[in-house]
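Please work out how this folds:
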Amino acid sequence: MSNKMLCQNNFRFLKYAMIFQRIKIQTKLFISLVLFASLPVAHAGEDANVINWYYATMFGTGYYKVGDARVGIIQIPFSYTFKTTREKQDSYGIKLLVPVSAGFHSFDFNELVDLPNNVATLSVVPGIELEYLVNESWVLKPYVNAGVGEEFTQKIWSWIYGAGIKSRWILPFQKGEFTLGNSLNYAGYSASEGSTRAMISFVAGLNWVTPLNFKLFSRNTNIGTHFIYYGYLNEIDFIEENNEPFTVRNELEIALSLGTHKPQSFLGFDYARYGLAFRYGKNLRAVRLFSEFPF
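You can find the predicted model right below:
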């Protein structure tokens, strides 16, 4: 066997070994999350109603406060990219998304070590996202998703669904770039206790990234900031323990992030950006972690 063929075989072996290791880590994370949900649940009282099924699913990983209620969300973003327009500059791409979200009622940062005992909701909402390359700077992303969630305190389950289209337009600027993102979304849920909600939302955001003069993990770095506006045609409603309704019509998010030129693997996932975002609206305050501009 020639040295060239030997190197090719070794490369294939390492590639498949890395893929297997990533699948193993992601599977362990998923099993751990399911086991957490099966542990005794800390009864949070009737404020469990503060969970708005679709909002909690699309929020990501973070913490939000509605009225006097506090909710923590941890999301594991399982995904598989079949084809992308970014790497090969093909005219279309397709991606499978399987986000798994766990919710914690009456969330308290002082109880972080006891999170497994406080899992109150678990949802899995798989979906398909397509990419269409309009030109070198503009990508459209229609998507659809549907799944199910369960609230363990009150033993309620819910169908969760969504569909829409995203737009991403990139404009190089000096050494960095501006990205303009927009999305139009239709989403909702239908819960087993009879509540049904549907909403239409419009989201617009601007992201600016500029390179830095130092390296992280031996990779070139950049710093980014984004501003995102969330507008809901139908108000998002939350119900507190005294049945007092809280509604949210608009939200504004401001964020700061640190990125690398090439992705860095962490817990079996590849991340090229690490960011912290602050979101606020009438009756709602939130902070969340993110790894990409959400368009």
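
need the next SSE after the lowest-mean-pLDDT helix or strand in the chain, C-terminal direction.
The helix or strand of the chain with the poorest confidence is helix 3-38; it has a mean of 48 (mean pLDDT, DSSP states H and E). For helix 3-38, the following helix or strand on the C-terminal side (DSSP states H and E) is helix 53-59.

Tell me which other helices or strands the helix or strand following that next one touches.
Downstream of helix 53-59, the first helix or strand assigned by DSSP H and E is strand 61-66. With contacts defined as 3 or more Cβ pairs under 8 Å, 6 or more residues apart in numbering; DSSP states H and E, strand 61-66 has these neighbours: strand 69-83, strand 284-290. C-beta here means a position set from N, CA and C on the backbone, and glycine is covered the same way.

export strand 61-66 as PDB, just CAs?
C-alpha atoms of strand 61-66 as PDB (Å, rounded to 0.1, in the frame of the first residue of the first chain):
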ATOM      1  CA  THR A  61     -30.600  28.800  26.700                       C
ATOM      2  CA  GLY A  62     -31.100  31.500  29.300                       C
ATOM      3  CA  TYR A  63     -33.300  33.000  32.000                       C
ATOM      4  CA  TYR A  64     -36.400  35.200  31.800                       C
ATOM      5  CA  LYS A  65     -38.600  36.900  34.300                       C
ATOM      6  CA  VAL A  66     -42.200  37.600  33.700                       C
END
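
so where's the stretch 51-200 of the chain uncertain?
Residue ranges of the stretch 51-200 of the chain with pLDDT under 70: 51, 86-89, 106-118.

so where do the strands sit in it?
Taking DSSP state E, counting those that start in this stretch as the test, the strands found in the stretch 51-200 of the chain are 61-66, 69-83, 92-105, 119-124, 127-133, 138-151, 156-173, 176-191, 196-216.

hang on, the earlier thing: what would the helices and strands packed on strand 61-66 look like in CSV with distance to residue 199 and mean neighbour count?
Below are the helices and strands packed on strand 61-66 laid out as CSV (distance: least, Cβ to Cβ, whole Å; neighbours: other Cβ atoms under 10 Å):
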stretch, distance to residue 199, mean neighbour count
strand 69-83, 18, 18
strand 284-290, 15, 17
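
For these, please prepare JSON lines with the additional fields distance to residue 136.
Compiled in JSON lines, the helices and strands packed on strand 61-66 are given as follows (distance: least, Cβ to Cβ, whole Å):
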{"stretch": "strand 69-83", "distance to residue 136": "17"}
{"stretch": "strand 284-290", "distance to residue 136": "26"}
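
Which among the ones you listed is found nearest to residue 181?
strand 284-290 (12.8 Å; Cβ to Cβ).

counting contacts, what elements does the closest one pack onto?
Here strand 284-290 touches strand 61-66, strand 245-266, strand 269-281, going by 3+ Cβ pairs under 8 Å, 6+ apart.

Check the contact between residue 248 and residue 231; I expect there is one.
No - using Cβ atoms under 8 Å, residue 248 makes no contact with residue 231, being 10.3 Å away.

quick one, which of those two is more surrounded?
Shown here are residue 248 and residue 231; by other Cβ atoms under 10 Å, residue 248 has more neighbours (19 against 13).

In the sheet, which residues pair with that one? Tell me.
Beta bridges link residue 248 to residue 236 when assigned by DSSP bridges.

Can you tell me how far the residue nearest in space to the middle of the chain is from residue 74?
Residue closest to the mean C-alpha point of the chain, counted by Cα atoms, centre = their mean, is residue 60 at 3.8 Å. In this view, residue 60 and residue 74 are 9 Å apart by Cβ to Cβ, to the nearest Å.
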